[in-house]
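Colleague: what follows is a predicted protein model with its sequence.
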Amino acid sequence: MIVYICRGISGSGKSTAVKKIIPVENIFSTDDYWGKDYKFDPGKIGVAHGWNQNRVVDAMRESKSPIAVDNTNLTWWEIEPYVKMAIHYGYQVIFLEPDSPQWTKFKNDDMLGAINDFEEKNIHKVPRQVICKMVTKWQSTEEIQKKYMDLIVAD
C-alpha cells in the first residue's frame, strides 16, 4: 500500500502531477474543504487540515491504495501527521514533487522566474507575498526523507 505526499509551492504543478498517477477519488487535499467555489477562510485552516487528516486516515483504514495527500506540505511538521498515519497503517510513503517548468526553475534556484510562474499559475489566486513566504519556508525533500527515515527507525 502506498501513500504519495505531494509537495510544492502553490502554482508549482503538484496537483497536475498527482492526477496523472492517482485516481481522483484517492486524492485528498485540504483545499477541498473550501468547496468548489473555494471560499477560503484563514480562521478555519486548522479545522480544514484536521478534516483532511480524518479523510486520509479513513482511506487508510479502508486499505485504499494508492492514495495521495495533495497539500503544499512545505515543512516536516505539516507532513508528520500523515507519515505517522502511514506507518501505523502499513503504507509506504513516497514524496512527490511536480515535474513542471516552474518547479524546474525553483529547483535550479531561479527564484524570481519560479515565483513569477507560481503567481501566474496557481488556481486559488494566492498572493505573491504568500508565495514568497512559502518559498522561504520550504524544506528540501531530502531533509524530509531523513526525518521520515528517523521516524521509521525509532518505530
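Modeller: Cool, got the structure.
Colleague: please make it C-alpha for all contacts and neighbour counts, starting now.
Modeller: OK.
Colleague: which ones are touching the residue nearest the centre of the chain?
Modeller: Nearest residue to the geometric centre of the chain (C-alpha atoms, centre = their mean): Asn71, 2.9 Å. Asn71 sits next to Ile5, Cys6, Arg7, Gly8, Ser29, Thr30, Asp31 when contact means C-alpha atoms under 8 Å, 6 or more residues apart in numbering.
Colleague: 6 Å instead?
Modeller: Contacts for Asn71 (C-alpha atoms under 6 Å, 6 or more residues apart in numbering) come out as Ser29.
Colleague: now the strands for this structure?
Modeller: 2-6, 27-28, 67-70, 92-96 (DSSP state E).
Colleague: who are the packing partners of the third one?
Modeller: Using 3 or more C-alpha pairs under 6 Å, 6 or more residues apart in numbering; DSSP states H and E, the elements in contact with strand 67-70 are strand 2-6, strand 27-28.
Colleague: which of those strands is buried the deepest?
Modeller: strand 2-6 (a mean of 23; mean count of other C-alpha atoms under 10 Å).
Colleague: for that strand, name the packing helices and strands.
Modeller: Using 3+ C-alpha pairs under 6 Å, 6+ apart, strand 2-6 is in contact with strand 67-70, strand 92-96.
Colleague: convert the C-alpha atoms of the longest helix along the chain to CSV, please.
Modeller: For the chain, the longest helix by residue count, based on DSSP state H, is helix 45-61. The C-alpha coordinates for helix 45-61 follow below in CSV (Å, rounded to 0.1, in the frame of the first residue of the first chain):
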residue,chain,number,x,y,z
ILE,A,45,-7.3,26.5,8.4
GLY,A,46,-6.7,24.2,11.5
VAL,A,47,-10.2,22.7,11.1
ALA,A,48,-9.6,22.2,7.4
HIS,A,49,-6.4,20.3,8.0
GLY,A,50,-8.0,18.2,10.7
TRP,A,51,-10.8,17.4,8.3
ASN,A,52,-8.4,16.3,5.6
GLN,A,53,-6.3,14.2,8.0
ASN,A,54,-9.5,12.4,9.0
ARG,A,55,-10.3,11.7,5.4
VAL,A,56,-6.8,10.2,4.8
VAL,A,57,-7.0,8.0,7.9
ASP,A,58,-10.4,6.8,6.8
ALA,A,59,-8.9,5.9,3.4
MET,A,60,-6.1,4.1,5.1
ARG,A,61,-8.5,2.1,7.4
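Colleague: that one: which residues count as buried?
Modeller: Ala48, His49, Asn52, Gln53, Arg55, Val56, Val57, Ala59, Met60 (16 or more other C-alpha atoms under 10 Å).
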